[in-house]
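Engineer: here is a sequence with its predicted model. Questions after.
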Amino acid sequence: MNKRVLVKFSGEALAGEEGYGIDTQILDYIAEEIKSLVDNGIEVGIVIGGGNIIRGVTAAADGVIKRTSADYMGMLATVINGVAMQEALEYKGLNARLQTAIKMEQIAEPFIVRKAIRHFEKNRVVIFSAGTGNPYFTTDTAATLRATEINASMLIKATKVDGVYNKDPMKYDDAVKLDTISYDKALEDHIKVMDDTAIALAKDNKLPIVVANMNEKGNLLKIINGDCSKCSIVK
């Protein structure tokens with residue numbers, strides 16, 4: 001099996017209890033989890049959202065800021081998170097490269113798929129920032145796009161829940177976890193953990209989406225090694 005994966009983290013995940021900004025302790029924890037993958041010979045790509053700083057849809061809600069501008073602001077937020085993630089990975093002794101969908105050479109490389117793959121071959125972690133570079137597309141869609149472009153074996157969506165449920169487990173005690181769910185069923189039910197555009201793109205490219213709890217230490221490595229007792233697979 002191809003040992004190249006892409007892991008998607010939400011921006012909010014970096015904020016911790018504060019709900020805003022970057023909690024360096026969480027950053028350190030994520031870097032340690034990524035290190036465990038690299039140490040086991042796995043090539044890792046990362047996409048991080050920007051919701052801990054600004055979210056395009058929210059910024060544009062009252063019409064003062066146009067949606068396109070708000071989305072570009074959101075993309076810049078993901079670059080800030082990407083710089084922080086790169087630092088955390090390097091702090092752990094890993095080699096990491098940040099690539100952006102919007103050119104900003106003083107901070108990061110522009111996204112070039114062949115260059116990204118070369119980095120993987122040299123055992124470097126690659127962080128993909130600035131979404132797809134286009135407004136109206138979420139970082140979930142960006143993660144699916146990058147995972148497809150780099151030919152990852154799976155996209156792991158690291159969230160606060162340990163999979164996809166038939167209803168919100170935070171609200172309903174009788175919510176049941178679904179071990180596997182088809183792309184069509186996920187689209188039909190509009191599952192909240194991933195937006196429809198991302199799922200449709202994954203379906204077209206037969207890319208499995210694994211939904212897992214990022215706070216479960218060692219879970220990422222278990223998933224890649226075939227243990228999905230604490231995750232759900234959309235395929």
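Structural biologist: That came in fine, so what should we check first? Quantities reported herein were computed from a predicted structural model and do not represent experimental measurements. Residues are numbered from 1 along each chain as shown.

Engineer: gap between the longest helix along the chain and the chain center?
Structural biologist: Counting residues, the longest helix found in the chain (DSSP state H) is helix 67-91. Helix 67-91 sits 12 Å away from the centroid of its parent chain (Cα atoms, centre = their mean, to the nearest Å).

Engineer: same check on stretch 42-51?
Structural biologist: Distance of stretch 42-51 from its chain centroid, counting by Cα atoms, centre = their mean, is 4 Å.

Engineer: quick one: the helices in the protein, in order.
Structural biologist: Under DSSP H, the chain gives helices at 11-15, 24-39, 56-59, 67-91, 113-121, 139-149, 183-189, 196-204, 219-224.

Engineer: for those, give me a markdown table that also has distance to Asn166, mean neighbour count and mean pLDDT.
Structural biologist: Glycine gets a C-beta too; all of them are placed from N, C-alpha and C. Listed next are these as a markdown table, based on distance: least, Cβ to Cβ, whole Å; neighbours: other Cβ atoms under 10 Å; pLDDT from 0 to 100:
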| stretch | distance to Asn166 | mean neighbour count | mean pLDDT |
| --- | --- | --- | --- |
| helix 11-15 | 24 | 22 | 91 |
| helix 24-39 | 28 | 17 | 97 |
| helix 56-59 | 26 | 17 | 92 |
| helix 67-91 | 31 | 20 | 98 |
| helix 113-121 | 37 | 15 | 97 |
| helix 139-149 | 21 | 25 | 98 |
| helix 183-189 | 8 | 16 | 90 |
| helix 196-204 | 17 | 19 | 95 |
| helix 219-224 | 21 | 20 | 93 |
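
Engineer: those: which one's closest to Gln99?
Structural biologist: Closest to Gln99 of those is helix 113-121 (Cβ to Cβ; 6.1 Å).

Engineer: list the helices and strands that closest one packs on?
Structural biologist: Helix 113-121 sits against strand 43-48, strand 96-100, strand 125-129, with contacts defined as 3 or more Cβ pairs under 8 Å, 6 or more residues apart in numbering; DSSP states H and E.

Engineer: summarise which helices and strands the second one is packed against.
Structural biologist: Under the contact definition 3+ Cβ pairs under 8 Å, 6+ apart, strand 96-100 sits against helix 67-91, strand 109-110, helix 113-121, strand 125-129.

Engineer: can we see that at 7 Å?
Structural biologist: Here strand 96-100 touches helix 67-91, strand 109-110, strand 125-129, going by 3 or more Cβ pairs under 7 Å, 6 or more residues apart in numbering; DSSP states H and E.

Engineer: so what touches it?
Structural biologist: 79, 82-83, 86, 89-90, 108-111, 116, 119, 124-130 (Cβ atoms under 7 Å, 6 or more residues apart in numbering).

Engineer: and the residue of the chain positioned farthest from its centre, how far is that from Pro110?
Structural biologist: Within the chain, the residue lying farthest from the chain centre (Cα atoms, centre = their mean) is Val64, at 29.2 Å. Val64 sits 31 Å away from Pro110 when distances are taken as Cβ to Cβ, to the nearest Å.
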